[in-house]
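> Please work out how this folds:
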Amino acid sequence: MEELVRRIKWEDDSPKNSESFLTREWLVTNGLGGYASGTISGVVTRRYHGLLIAALPNPHGRTVMLNHISEKIILPDKRRIDIGGEETSLNAFAIHGIDYLKEFRLEFGLPVWVYNVDGFIIEKRILLPHKHNTVLISYRLIEGSSHVEFSIRPSVHFRRHEDRVNIELSDDYRIIIKGEKFEIAGDPLLPHLKFHISDDNVSLDILQNQTREIYYRLEASRGYEEVGELWSPGEFNMILKKENEVIFTASTEEWGSILNYNPHIILQEEIQRRRELILKVPDLKENTSAAELVIAAEQFLITPVGRVDEGDVKKSADEEVRTIIAGYHWFTDWGRDTMISLEGLTLSTGRLNHAKWILRTFAHYVRNGLLPNLFPEGEQEGLYHTADASLWYFHAVDRYLSYTKDDETLIEIFPKLKEIIDYHIRGTDFNIHVDSDDGLLYQGKEHFQLTWMDAKVEDWVVTPRRGKAVEINALWYNALCLFVNWIRQLNGDKAAEPYDYLIFKARESFNKKFWYNEGGYLYDVIDGEGITYDNACRPNQIFAISLPNPILGAEKWARVLNIVQEKLLTPVGLRSLAPGHPDYKEKYFGDLRARDAAYHQGTVWAWLIGPFIDAWLKVYPNKKEEAKNLLSGFDLHLSEACIGSISEVFDAETPFTPRGCIAQAWSVAEVLRCMINLNRI
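Residues are numbered from 1 along each chain as shown. All right, here's what the predicted structure looks like:
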């Protein structure tokens, strides 16, 4: 695919304070967990927005190093025109510079802005070199007279990216000038932020102790502190000459590396790298949305910085510690999300080695038969409060083996797989255990939410599902079936015999106990605390059909699928609860408590479209075109929220406003996986 462009254009007479300028966002990542992100207008609306959020070794974690740049064109009549995007006040959303923004586009996932100021047309690009805590921002005069004066003013507030925006600015900020090299020093425990500009005639107008207030409007709507200060060293002044690109580099790395960059070559190499990612996927068939999602998938695949003792994980020189960021901006790597996302992000896209090292990396972290639920930002150790991550691990291993036939990796991780199964049978942390009476898996501990429906506010678990949850048992059955096949393959029939009866018993009990005859679908939880049968109609039941080893009898598949389609299916995924339930919420909006109250109470989850389509194709194997149509809503979504990616969640009712994380790994993974599979068949 020679070109891959998503273009966002608007008419000259469109309202320049339109919400779309503030709600459409862009994201560029660096393969380490670091990123740059903002609105297409340039206005900073989130605490997570910035031009360089560096992935620093623990205990720092991801740190905002370059928050914002103000950009001005100085016209021949000496008028100074802002184009960088800033709000004028806390209450008014008139935006400096927006009248001059004529186009925003992504080229192979990289953002490009086009400004027209009195006939001077300037193109701006942003790139993070792969595996570097560095950002390159390029400016090019493409039309107008031969040259124009230009200035940029960087602003900083060094802080962890999830810290509140009103943390007091340090008194230690200062500018250090070493010829053409500029550094901002702040927190003595953090690296200096280094600046370099690829122009021979750059001057800096130093503004001593220059600070300004920023209003983070989206933080205000989410119930967080919304006003914070930024510090600036001053303005860099330069001349933009026609067709002569000027590149501003900001980095936390050493000067030797920075000065060795050839930014022009790096840009071309990065475009070529992204083009090659697409060429690895032969089944796209000119599906540009799928091609864009191949690029988006790369954003979540990272080499974590400074957390793992790599000597314990790596076995040879060609191995690399790998993991998956669950979502941008605030998620780290989560075990459940990683295993669900693995096929779509890596296997479907030809990144087979990535998948191998992810599986081997997570095997290193198995404790008491559990995979970590998440790794907190800046911490060494994971948290293990999850009942399903370990079971999704079996699914991920199975999908990997189906693509690679890599018996060596199976042998390598098999002891961990056996450990997981045996711990679940005899019981492990958080009261996760097999009920010896019926062979079903029970989970639950007070104050913990162990399933994927994990919203919790202080001690309030919003969707308490302690007991035998429907998808947990579907996953348990699938894991048992896979394990028995592997143990037979490696150790023979006799070694598998103790587990055979567990498979039979779990399936028999499930089909007897989980069927809600009056509703024609599956109970969500049985044998729960305070309620024996929870008949809330939720999407979790779809896994009883969709997994490679479905636990539900085939005679009931169509009835369950039809109920899920009727009550839960939307153009952008499945609702988490059917309308009409007393707890149903139409919108995911407001402060943390309000959002978490709606998180799994109707809110639509994009990733669930994947298992729904898997189930659909089992029930209706000849209706592949209808399955493709189920993905059409995502084509439109790629031009809203995070352009070129897929949001975490959506409101439960039309217009299905995107919410939550602007780019979510399992959303991208499952939509992409289905697009590729449906192109293939």
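
> Centroid-nearest residue for this structure?
When the chain is reduced to its mean C-alpha position, the nearest residue by Cα atoms, centre = their mean turns out to be Gly327, at 2.3 Å.

> ok, now which ones touch it?
Phe300, Asp337, Glu648, Gly660, Cys661, Ala663, Gln664, Ala665 (Cβ atoms under 8 Å, 6 or more residues apart in numbering). Quick note: C-beta positions are derived from backbone N, CA and C, even for glycine.

> Quick check, pLDDT for the fifth one.
Right, Cys661. If you check Cys661, the pLDDT there is 96.

> tally of neighbours for it?
Residues lying near Cys661 (other Cβ atoms under 10 Å) number 23.

> my guess is it contacts Tyr328, does it?
Yes - Cys661 is in contact with Tyr328 according to Cβ atoms under 8 Å; the separation is 6.1 Å.

> so where's the stretch 201-350 of the chain shaky on pLDDT?
Where the stretch 201-350 of the chain drops to pLDDT under 70, the residues are 208-209, 306-319.

> which strand residues sit across from the residue nearest to the centre of the chain in the sheet?
With DSSP bridges as the criterion, Gly327 is bridged to Gln664.

> Kindly provide the distance from it to Ala665.
Noted for Gly327: a distance of 6 Å to Ala665, by Cβ to Cβ, to the nearest Å.

> Give me the common contacts of those two.
By Cβ under 8 Å, 6+ apart, the residues touching both Gly327 and Ala665 are Phe300, Asp337.

> Now Ser37. Nearest residue, chain neighbours left out?
The shortest distance from Ser37 to any non-neighbouring residue, by Cβ to Cβ, 6 or more residues apart in numbering, is to Leu27 (4.6 Å).

> Any chance of the backbone angles for Ser37?
phi -160, psi 150 (degrees, to the nearest 10).

> wouldn't it be in contact with Asn30 here?
No - the pair Ser37 / Asn30 is not scored as a contact, 11.7 Å apart, by Cβ under 8 Å.

> Can you name the element that comes right after the lowest-mean-pLDDT helix or strand in the chain?
Between all helices and strands in the chain, the lowest mean by mean pLDDT, DSSP states H and E belongs to helix 310-313, at a mean of 49. Following helix 310-313 in sequence order, the next helix or strand is strand 323-324 (DSSP states H and E).

> what does that next one contact?
Contact partners of strand 323-324, identified using Cβ under 8 Å, 6+ apart, comprise 300-304, 333, 337-338, 341-342, 345, 358, 361-362, 375, 665.

> Equivalent analysis for stretch 113-124, please.
Outside stretch 113-124, the residues within contact range by Cβ under 8 Å, 6+ apart are 40, 71, 73, 75, 81, 83, 97, 100-105, 112, 125, 137-145, 148, 150, 240.

> Distance of Thr463 relative to Lys280?
For Thr463 relative to Lys280 (Cβ to Cβ), the value is 39 Å.

> For the two, work out which one has more neighbours and name it.
Taking neighbours as other Cβ under 10 Å, Thr463 and Lys280 compare with Thr463 leading, 24 against 12.

> Tell me which residues touch the more buried one, please.
So Thr463 contacts Gln449, Met453, Ala455, His600, Gln601 (Cβ under 8 Å, 6+ apart).

> returning to that earlier point: can I assume the residue nearest to Ser37 sits in a strand?
Yes - counting by DSSP: H, G, I helix; E, B strand; the rest coil, Leu27 falls inside a strand.

> count of neighbours near it?
Neighbours around Leu27, by other Cβ under 10 Å: 22.

> which ones are touching it?
Applying Cβ under 8 Å, 6+ apart, the residues contacting Leu27 are Tyr35, Ala36, Ser37, Gln299, Tyr328, Cys642, Ser645, Ile662, Ala663.

> want to throw those into JSON lines with neighbour count?
Formatted as JSON lines, the contacts of Leu27 follow (neighbours: other Cβ atoms under 10 Å):
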{"residue": "Tyr35", "neighbour count": "26"}
{"residue": "Ala36", "neighbour count": "23"}
{"residue": "Ser37", "neighbour count": "24"}
{"residue": "Gln299", "neighbour count": "24"}
{"residue": "Tyr328", "neighbour count": "24"}
{"residue": "Cys642", "neighbour count": "24"}
{"residue": "Ser645", "neighbour count": "29"}
{"residue": "Ile662", "neighbour count": "25"}
{"residue": "Ala663", "neighbour count": "28"}
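
> Which members of these are the farthest-apart pair?
For those, the maximum inter-member distance is 14.0 Å, found between Ala36 and Ser645 (Cβ to Cβ).

> For the longest strand along the chain, list every residue counted as buried.
Identified as the longest strand of the chain according to DSSP state E is strand 227-241. Buried residues in strand 227-241, defined by neighbour count with 16 or more other Cβ atoms under 10 Å: Gly228, Leu230, Trp231, Ser232, Pro233, Gly234, Glu235, Phe236, Asn237, Met238, Ile239, Leu240.

> What's the first helix or strand after that strand?
strand 246-251.

> Mind listing what's buried along that following strand?
Val246, Ile247, Phe248, Thr249, Ala250, Ser251.

> Can you pull out the low-pLDDT segments for the chain?
1, 11-18, 85-97, 208-209, 306-319, 380, 681.

> By neighbour count, which of the contacts of Gly327 wins?
Within these, Ala665 tops the neighbour count with 32 neighbours, counted by other Cβ under 10 Å.

> Identify the residues contacting it.
Counting by Cβ under 8 Å, 6+ apart, Ala665 touches Phe300, Ile324, Ile325, Ala326, Gly327, Phe331, Asp337, Thr338, Ser341, Leu345.

> How much space separates it from Gly382?
From Ala665 to Gly382 the distance is 17 Å (Cβ to Cβ).

> In stretch 262-271, which residues are buried?
Pro263, Ile266, Leu267, Glu270, Ile271.

> Kindly report the same for stretch 272-279.
Of all the residues in stretch 272-279, those buried under the rule 16+ other Cβ under 10 Å are Arg274, Arg275, Leu277, Ile278.

> cool, and stretch 145-152?
Neighbour-count burial for stretch 145-152, counted by 16+ other Cβ under 10 Å, picks out Val148, Phe150, Ser151, Ile152.

> what's the farthest-apart pair in the contacts of Ala665?
Every pair of the contacts of Ala665 checked by Cβ to Cβ; the farthest is Phe331 and Leu345, at 14.1 Å.

> who's more crowded, the two?
Per other Cβ under 10 Å, whichever of Phe331 and Leu345 has more neighbours is Leu345, with 30 against 20.

> Shouldn't the more buried one be within a strand?
No - with three-state DSSP as the criterion, Leu345 is located in helix rather than a strand.

> okay, now the domains of the protein?
According to automatic domain parsing, the chain comprises the domains 5-274, 281-431, 568-681.

> Can you give me the separation between the residue nearest to the centre of the chain and Ala296?
Distance from Gly327 to Ala296, by Cβ to Cβ: 12 Å.

> Fine, thanks again, bye for now.
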